[in-house]
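Participant: starting from these lines, generate the structure:
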Amino acid sequence: MTDRELFKDSKKYIGKEVVLEGWIKNHRKQKEFGFISFSDGTFFTPVQIVYDNKLKDFDEIQKFHIGSSIKVIGKVVKSPKEGQEFEVQAKEVVLLGDCPEDYPIQPKKHSREFLREQAYLRPRTNLFQAVFHIRSKASFAIHKYFQENDYVYFHAPLITAADCEGAGEMFKVTTLDLDNIPKDKDGKVDYSKDFFGKQASLTVSGQLQAETFALAYTKTYTFGPTFRAENSNTKTHANEFWMIEPEIAFCDLNMDMDIMEEMLKYVVKYVLENCHEELVFLDNFVEKGLLDKLNHLVNSKAIRLTHHEAIKCLIESGKKFEFEPKYGEDLAREHEKYLTEEKFNAPVFVYNWPKDIKAFYMRLNDDNETVGAVDLLVPGSGELIGGSQREERFDVLVKRMKEMDMSQEGLEWYLKLRQYGGCVHSGFGMGFERLIMYLTGVDNIRDSIPYPRTPGNCNY
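Facilitator: Next up is the predicted model:
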């Protein structure tokens, strides 16, 4: 049986014999008996195994090292220890896989930097058992929300010729001989000789392709890996990360905001209900007040401000900011913090952003100065979701691309979509690792994904 089965209905098993298989997290040895902290990874709280010198292999069991895998046959009994419902009195403890004494994950405090170097073992620690279990549950909750609301799950291509953001920060995909690169008559790389016959890259977003499915199924979503060749070493940037990107036809910006808020609250509520032990641990040891923060989000109503109103609010606050808030410019993290935590104490939508700082596909508003873009800012994190109403007018989209010096080459299909039964449609994107950081309190994106890919780091 599993630890989870035992913990979820422990009263049912009191007095019964069970068979458990898992790993030794800690081993306290005394002259006549010993205690093994045991886990098979299915439940956050470890099982306490008690054995004594009546066992014929007592001396051998005392030599079992931390990290070893074992099989335990024993009786479940009420625990005399306060705060612990039961323990297992071992009748037999069998070594399945030994572990050397220099096993890196010992029962002591390890720095997160050290654990990143031992990324293949860090899921065995309390911190990462909690983080990656929450990641699993949050992933399921996202699919559950969209499936319950009749969205079609769309698998976006990972190799693409389309640059969604127009930023050019993309990893190139090629089979060309890098020691002997073919050149055309102008001395440029001859991509006609490459595998796809054209320049290809790893995707930065599945949004553009998802729009094609939204205009066939009305509601669709992607949830998969994306890549940015951005040489950034901040705590919030990674070069490989996962994105949730829904696209909805016949949906304007206000409806888009409704969906953002509903989806986020659904996922947070699901994690609160299904990861209680993990969240209590993280609240105690990673971010004090984590549970209050998450419960507050679920029970609050988001404020909606235009970008102009948000800047006006910041300027009139009388607060001294390191970066002066200005109309026409982006918000700094300190501005987001003020709006969500001091001014409103609630999530805040900031919408209708200046067109000059937003992407080409966002719908131009009637003022010809702003676009129907929106960011959802949350207390304790800042920007968590970004979205927009997409530009459905062919001529306006073409004009915007020209203004931004963007080539139409490779995006002809995206433009034609506006001519073949186009309609008002909107969508948004949420970085999954940013969500995990918010849910767990870990402050570095490298600790929210099993094997982080950052500049100079491609281990495992």
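
Participant: K301 reaches F344, doesn't it?
Facilitator: No: contact between K301 and F344 fails when scored by CB atoms under 8 Å: they sit 10.0 Å apart. Using the backbone N, CA and C atoms, a C-beta is placed for each residue, glycine as well.

Participant: okay, those two: which has more neighbours?
Facilitator: Using other CB atoms under 10 Å, the more surrounded residue of K301 and F344 is F344, with 18 against 9.

Participant: could you check how far that one is from I66?
Facilitator: Counting by CB to CB, to the nearest Å, the separation of F344 from I66 is 48 Å.

Participant: and if you look at E322?
Facilitator: Relative to I66, and taking CB to CB, E322 is found at 46 Å.

Participant: more neighbours, these two?
Facilitator: Set E322 next to I66 and count neighbours by other CB under 10 Å: I66 wins out with 18 against 8.

Participant: pLDDT weak spots in the stretch 51-200 of the chain?
Facilitator: Low-confidence segments of the stretch 51-200 of the chain, defined by pLDDT under 70, are located at 163-168.

Participant: do a quick rundown of the helices in it.
Facilitator: Per DSSP state H, counting those that start in this stretch, the stretch 51-200 of the chain carries helices over the ranges 58-61, 112-117, 126-148.

Participant: let's have those in CSV, adding mean neighbour count.
Facilitator: Below are the helices of the stretch 51-200 of the chain laid out as CSV (neighbours: other CB atoms under 10 Å):
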stretch, mean neighbour count
helix 58-61, 14
helix 112-117, 14
helix 126-148, 19
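
Participant: of all these, which one is nearest I244?
Facilitator: For the helices of the stretch 51-200 of the chain, proximity to I244 was assessed by CB to CB; helix 126-148 is nearest, at 5.6 Å.

Participant: tell me what that closest one is packed against?
Facilitator: Helix 126-148 is packed against helix 112-117, strand 152-153, strand 219-227, helix 253-274, helix 276-285, helix 432-440, with contacts defined by 3 or more CB pairs under 8 Å, 6 or more residues apart in numbering; DSSP states H and E.

Participant: neighbours of Y120, how many?
Facilitator: Taking other CB under 10 Å as the neighbour definition, Y120 ends up with a count of 12.

Participant: that one against I105, yeah?
Facilitator: No: assessed by CB under 8 Å, Y120 is found out of contact with I105, at 10.5 Å.

Participant: got the helices and strands packed on helix 126-148 as JSON lines, with distance to S37 columns?
Facilitator: As requested, the helices and strands packed on helix 126-148 are arranged in JSON lines below (distance: least, CB to CB, whole Å):
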{"stretch": "helix 112-117", "distance to S37": "19"}
{"stretch": "strand 152-153", "distance to S37": "40"}
{"stretch": "strand 219-227", "distance to S37": "35"}
{"stretch": "helix 253-274", "distance to S37": "24"}
{"stretch": "helix 276-285", "distance to S37": "15"}
{"stretch": "helix 432-440", "distance to S37": "22"}
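
Participant: so which of those gets nearest K358?
Facilitator: Once CB to CB is applied to the helices and strands packed on helix 126-148, the stretch that comes out nearest is helix 253-274, at 12.7 Å.

Participant: let me know the angle separating that closest one from helix 276-285.
Facilitator: 90 degrees (axes from the mean of the first three to the mean of the last three CA atoms, to 10 degrees).

Participant: other SSEs contacting helix 253-274?
Facilitator: Under the contact rule (3+ CB pairs under 8 Å, 6+ apart), helix 253-274 is packed against helix 126-148, strand 240-249, helix 290-299, strand 348-354, strand 370-378, strand 382-389, strand 425-431, helix 432-440.

Participant: send the alpha carbons of the fifth one over as CSV?
Facilitator: Taking Å, rounded to 0.1, in the frame of the first residue of the first chain, the C-alpha atoms of strand 370-378 are listed here in CSV:
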residue,chain,number,x,y,z
THR,A,370,-3.7,52.5,-26.7
VAL,A,371,-4.4,48.8,-27.4
GLY,A,372,-6.8,46.3,-25.7
ALA,A,373,-4.0,44.7,-23.6
VAL,A,374,-4.3,43.7,-19.9
ASP,A,375,-2.1,42.6,-17.1
LEU,A,376,-3.4,40.9,-14.0
LEU,A,377,-1.4,42.0,-10.9
VAL,A,378,-1.7,40.0,-7.7
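
Participant: what comes up buried for that strand?
Facilitator: Buried residues in strand 370-378, defined by neighbour count with 16 or more other CB atoms under 10 Å: T370, V371, G372, A373, V374, D375, L376, L377, V378.

Participant: how about the helices and strands packed on helix 126-148, which one is nearest H296?
Facilitator: So among these, helix 253-274 is nearest, using CB to CB, at 10.1 Å.

Participant: mind listing residues that contact that closest one?
Facilitator: When contacts are defined by CB atoms under 8 Å, 6 or more residues apart in numbering, helix 253-274 is touched by residues 134, 137-138, 140-142, 144-146, 246, 248, 251, 279, 291, 294-295, 297-298, 302, 304, 347, 349, 351, 363, 372, 374, 376, 378, 384-385, 387-389, 426-428, 430, 435, 439.

Participant: export it as PDB, just CAs?
Facilitator: Taking only C-alpha atoms (Å, rounded to 0.1, in the frame of the first residue of the first chain), the coordinates of helix 253-274 have been written out as PDB:
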ATOM      1  CA  LEU A 253     -11.400  42.400 -23.400                       C
ATOM      2  CA  ASN A 254     -13.900  42.500 -20.500                       C
ATOM      3  CA  MET A 255     -14.900  38.900 -21.000                       C
ATOM      4  CA  ASP A 256     -11.200  38.000 -21.200                       C
ATOM      5  CA  MET A 257     -10.600  39.600 -17.800                       C
ATOM      6  CA  ASP A 258     -13.600  37.600 -16.300                       C
ATOM      7  CA  ILE A 259     -12.000  34.400 -17.500                       C
ATOM      8  CA  MET A 260      -8.500  35.200 -16.200                       C
ATOM      9  CA  GLU A 261      -9.900  35.900 -12.700                       C
ATOM     10  CA  GLU A 262     -12.200  32.900 -12.700                       C
ATOM     11  CA  MET A 263      -9.400  30.500 -13.900                       C
ATOM     12  CA  LEU A 264      -6.800  31.800 -11.400                       C
ATOM     13  CA  LYS A 265      -9.100  31.500  -8.400                       C
ATOM     14  CA  TYR A 266     -10.200  28.000  -9.500                       C
ATOM     15  CA  VAL A 267      -6.600  26.800  -9.600                       C
ATOM     16  CA  VAL A 268      -5.600  28.400  -6.300                       C
ATOM     17  CA  LYS A 269      -8.700  27.000  -4.600                       C
ATOM     18  CA  TYR A 270      -7.900  23.500  -5.900                       C
ATOM     19  CA  VAL A 271      -4.300  23.700  -4.600                       C
ATOM     20  CA  LEU A 272      -5.600  24.900  -1.200                       C
ATOM     21  CA  GLU A 273      -8.000  22.000  -1.000                       C
ATOM     22  CA  ASN A 274      -5.600  19.300  -2.200                       C
END
